[in-house]
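S.K.: Dropping the sequence and predicted coords here.
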Amino acid sequence: MTETETTLLPADAGGIAEAARLLAAGRLVSFPTETVYGLGANAQDSHAVARIFDAKGRPRFNPLIVHVPDLDMARRYADITGPLAALANSFWPGPLTLVAPLARGHGLSPLVTAGLDTVALRVPAHPAAQDVLRVFDGPVAAPSANPSGRISPTTADHVMAGLRGRVDAIVDAGPCSVGLESTIVGGDPLTLLRPGGLAQEEIERVVGPLAKAGNAITAPGQLASHYAPGAPVRLNANATHPGEVLLGFGPMTSDLNLSLSGDLIEAAANLFDHLHVLDALDQPIAVAPIPECGLGRAINDRLRRAAAPRP
Ligand code: TXA
Ligand code: MG
């Protein structure tokens, strides 16, 4: 984790322009939504998204929420139809996140979706979030702006206290009004995936009763574990067995390398992409050892799931 200078930006035209410029340059920007402060990165830039996980010290790659300014832009990234469209029309902008099938040509980083074929989308109502998203004019991945395992931030001071030196800028627009993460709905049948800032009753008034999260298919934390290559995966391999392809790390000869220089942020950015490419070759995959520190922990968590015996 390299330390960076953290700039506090006002939520005026100059501050918002600087926030958008930093996002476009692949940097991390914290901004307020009406629920909590988010830790944002360009959702189409894998290297930028990898830095979110690094900054938070997250031990695993769970899928992130993608923020957009309106339903029109949301539709560039996901197919929002039927009851999801009804919910978007009723509650966006607001504290509601919808999980929907990825649209063709979405261009989102596979790190954002954790390799799933769905994406969580949110249109926040906070004026500063709206301004950042409109000026940036693209999708912003943003979990809450706190170190992993700590309380979600509802002021710029909270973000500064938790992430100073790990985020490039914080847009300060005072305290968040809701103070609780957005409600997440998705799946077929439509399921409450996470209770949050919008009451279940409000949602059910529009689309009728929601299914309860509980089965393995829809429970949020679980979903991330479903992506695994079709071919067997062998970890901590220093050389290939006959017939295997090698996913390397650090200076070595391999079929594909996560990071020749041994940079864990670069490795995280390449992880899903490289696994997909090797998977398409339909040969067993050997993976070089990855150090169990920093983002290496999240990478190894993902690789262990990919290598686990299939049900
Ligand atoms: O209020 C909020 O929602 C805040 C602010 C910053 O917008 N954001 C937030 O983001 O809480 P995040 O990235 O921490 O929420 C991620 C959660 C995951 O843990 C998972 O439960 C769910 O969103 N999620 C994301 N993508 C999903 C998907 N494709 N399928 C199911 N659940 C998904
Ligand atoms: Mg959080």
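M.R.: Happy to help now that I have it. Ligands and ions are numbered 1, 2, ... in the order given.

S.K.: Now do Ser225, the pLDDT please.
M.R.: For Ser225, the model assigns a pLDDT of 43.

S.K.: Can you tell me which residue is spatially central in this structure?
M.R.: With distances taken as CA atoms, centre = their mean, the residue of the chain nearest its centroid is Leu64 (2.5 Å).

S.K.: quick one, phi psi at that one?
M.R.: phi -110, psi 160 (degrees, to the nearest 10).

S.K.: Kindly provide the distance from it to Ala11.
M.R.: 23 Å (CB to CB, to the nearest Å). Using the backbone N, CA and C atoms, a C-beta is placed for each residue, glycine as well.

S.K.: that older thread, now the residue nearest to the centre of the chain. Nearest residue, chain neighbours left out?
M.R.: Spatial nearest neighbour of Leu64, excluding adjacent residues (CB to CB, 6 or more residues apart in numbering): Ala141 at 4.4 Å.

S.K.: Specify the beta-bridge partners of that neighbour.
M.R.: Legend: beta-bridge partners of Ala141 under DSSP bridges are Ala41, Val66.

S.K.: so what's it up against?
M.R.: 40-43, 49, 52, 64-67, 109, 112 (CB atoms under 8 Å, 6 or more residues apart in numbering).

S.K.: Which SSE is immediately downstream of the lowest-mean-pLDDT helix or strand in the chain?
M.R.: Ranking every helix and strand in the chain by mean pLDDT, DSSP states H and E puts helix 220-223 at the bottom, with a mean of 43. Of the helices and strands lying after helix 220-223 in sequence (DSSP states H and E), the nearest is strand 233-234.

S.K.: what about the helix or strand following that following strand, average pLDDT?
M.R.: Counting by DSSP H and E, the next helix or strand C-terminal to strand 233-234 is strand 245-248. Mean per-residue pLDDT for strand 245-248: 97.

S.K.: ok, residues contacting strand 245-248?
M.R.: So strand 245-248 is in contact with 237, 239-240, 253-258, 260, 274-275, 278, 281, 283-288, going by CB under 8 Å, 6+ apart.

S.K.: and the contacts of Ala141 near ligand 1, which?
M.R.: Intersecting these with the contacts of ligand 1 gives 64-65 (criterion: CB under 6 Å from any ligand atom).

S.K.: which one of the contacts of Ala141 is nearest Pro195?
M.R.: Ile65 (15.0 Å; CB to CB).

S.K.: And the helices in the chain, which stretches?
M.R.: Read by DSSP state H, the chain holds these helices, from start to end of the chain: 13-24, 46-56, 71-77, 82-91, 110-113, 127-136, 156-163, 200-207, 220-223, 264-279, 295-307.

S.K.: Could you identify which of these is most buried?
M.R.: helix 110-113 (a mean of 26; mean count of other CB atoms under 10 Å).

S.K.: Averaged pLDDT, that helix. What do you get?
M.R.: For helix 110-113, the per-residue pLDDT averages 95.

S.K.: Centre of the chain to that helix, how far?
M.R.: Here the centre of helix 110-113 is set off from its chain's centre by 6 Å, with CA atoms, centre = their mean, to the nearest Å.

S.K.: Which of the helices of the chain sits closest to Thr33?
M.R.: Of those, nearest to Thr33 by CB to CB is helix 127-136, at 4.6 Å.

S.K.: Would you mind checking the average pLDDT for the closest one?
M.R.: 98.

S.K.: does that helix come close to ligand 1?
M.R.: No - judged by CB under 6 Å from any ligand atom, helix 127-136 stays clear of ligand 1, getting no closer than 8.1 Å.

S.K.: With just CA atoms, put stretch 119-133 into PDB.
M.R.: C-alpha atoms of stretch 119-133 as PDB (Å, rounded to 0.1, in the frame of the first residue of the first chain):
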ATOM      1  CA  VAL A 119     -24.200  -6.000 -11.400                       C
ATOM      2  CA  ALA A 120     -25.500  -3.900  -8.500                       C
ATOM      3  CA  LEU A 121     -26.500  -0.400  -9.600                       C
ATOM      4  CA  ARG A 122     -27.400   2.600  -7.500                       C
ATOM      5  CA  VAL A 123     -28.500   6.200  -8.400                       C
ATOM      6  CA  PRO A 124     -27.800   8.200  -5.300                       C
ATOM      7  CA  ALA A 125     -29.900  11.300  -4.500                       C
ATOM      8  CA  HIS A 126     -27.200  13.400  -2.700                       C
ATOM      9  CA  PRO A 127     -26.500  16.500  -4.800                       C
ATOM     10  CA  ALA A 128     -22.700  16.200  -4.400                       C
ATOM     11  CA  ALA A 129     -22.900  12.500  -5.500                       C
ATOM     12  CA  GLN A 130     -25.100  13.600  -8.500                       C
ATOM     13  CA  ASP A 131     -22.600  16.300  -9.400                       C
ATOM     14  CA  VAL A 132     -19.600  14.000  -9.200                       C
ATOM     15  CA  LEU A 133     -21.300  11.400 -11.300                       C
END
